[in-house]
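Q: quick one, fold the following:
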Amino acid sequence: MTNEELAAMAAQGDIESLHKLYFAVKPLLFKLISRYFPLCKNSLAEPEDLLQCGYFAVLEAVNDFSPDKGLLFNSYLGYHVKNTCLAELGFKGKRQVETISLNAPISEDGDDLTLEDAICDPSSDTYSYCELNDMMLIVREEIDKLSPREQIYIHYRYYEEKTITEICEIMGWERWLTWDIRCSAFNKLRKSESIQELGEVYQFRRISEFSNPESVVISFEDEALKLI
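A: Numbering: from 1, shown residues only. Model prediction:
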């Protein structure tokens, strides 16, 4: 049974399904909550306190979950873990916190999550957060299907904002080879059924209409790819 099916049953009051769901997502809960552990040093809360809040985050996610919207339960869970952890840590809204830089990373695992990123935006809502999260997951999955060289190109070009010349120097590639890798990667993304469907759902221009393969990435850059 999927998490979405368990969540739907739990929302109807099925306690057994709620317990099964909790244990099914427990590894993910730890991964999500552990991102906020570094903030405990500036709070009275301990990491154990945040972990105990995980169950309440699951409850909130179940109450918020709407199967009709077609989003993954884990997307709702991520939203409510963020809210629950920040509430336990004592952060309310986007405000300057004394002795804590809003631009300082709160995690040491290299994901560049800052306090400003994590603090809830009062104008945001669960659905928009979950929708964006699902979109990023789809793009990630398609990039993971590329060859190692193509993934390296995407990483340097769009995550580290390197130029083609810089990528050539880093990887020791000839410029023509780098260009071939670039075109191959974007052609695969352009032909991806998942990205074609994503483009239709989010009302992007049809990817098949682009003559320049690089436009595939550009079309997603503001919405998803640059956030991965």
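
Q: how about residue 4: what's its closest non-neighbour residue?
A: Leaving aside its sequence neighbours, residue 4 sits nearest to residue 73 (Cβ to Cβ, 6 or more residues apart in numbering; 5.1 Å). All C-beta atoms are positioned from the backbone trio N, CA, C, and that covers glycine.

Q: residue contacts, the one you found?
A: The contact partners of residue 73, taken as Cβ atoms under 8 Å, 6 or more residues apart in numbering, are 3, 4, 6, 7, 21, 25, 61, 65.

Q: next one: the fifth one relative to residue 10, how far apart?
A: What it means is residue 21. 6 Å (Cβ to Cβ, to the nearest Å).

Q: surely residue 62 touches residue 13?
A: No. Taking contacts as Cβ atoms under 8 Å, residue 62 lies outside contact range of residue 13: 10.4 Å.

Q: look at the two and report which has more neighbours.
A: Shown here are residue 62 and residue 13; by other Cβ atoms under 10 Å, residue 62 has more neighbours (23 against 8).

Q: excluding its backbone neighbours, what's nearest the more buried one?
A: Nearest residue to residue 62 in three dimensions, chain neighbours excluded: residue 10, at 4.8 Å (Cβ to Cβ, 6+ apart).

Q: tell me the contacts of the one you found?
A: For residue 10, the contacting residues are 17, 18, 21, 62, by Cβ under 8 Å, 6+ apart.

Q: export these to JSON lines and append columns for distance to residue 182.
A: As requested, those are exported to JSON lines (distance: Cβ to Cβ, whole Å):
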{"residue": "17", "distance to residue 182": "47"}
{"residue": "18", "distance to residue 182": "48"}
{"residue": "21", "distance to residue 182": "42"}
{"residue": "62", "distance to residue 182": "44"}
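
Q: picking up where we left off before, after whichever strand or helix holds the residue nearest to residue 62, which helix or strand is next?
A: For residue 10, the host element (DSSP states H and E) is helix 3-11. Next helix or strand after helix 3-11 toward the C-terminus (DSSP H and E): helix 15-34.
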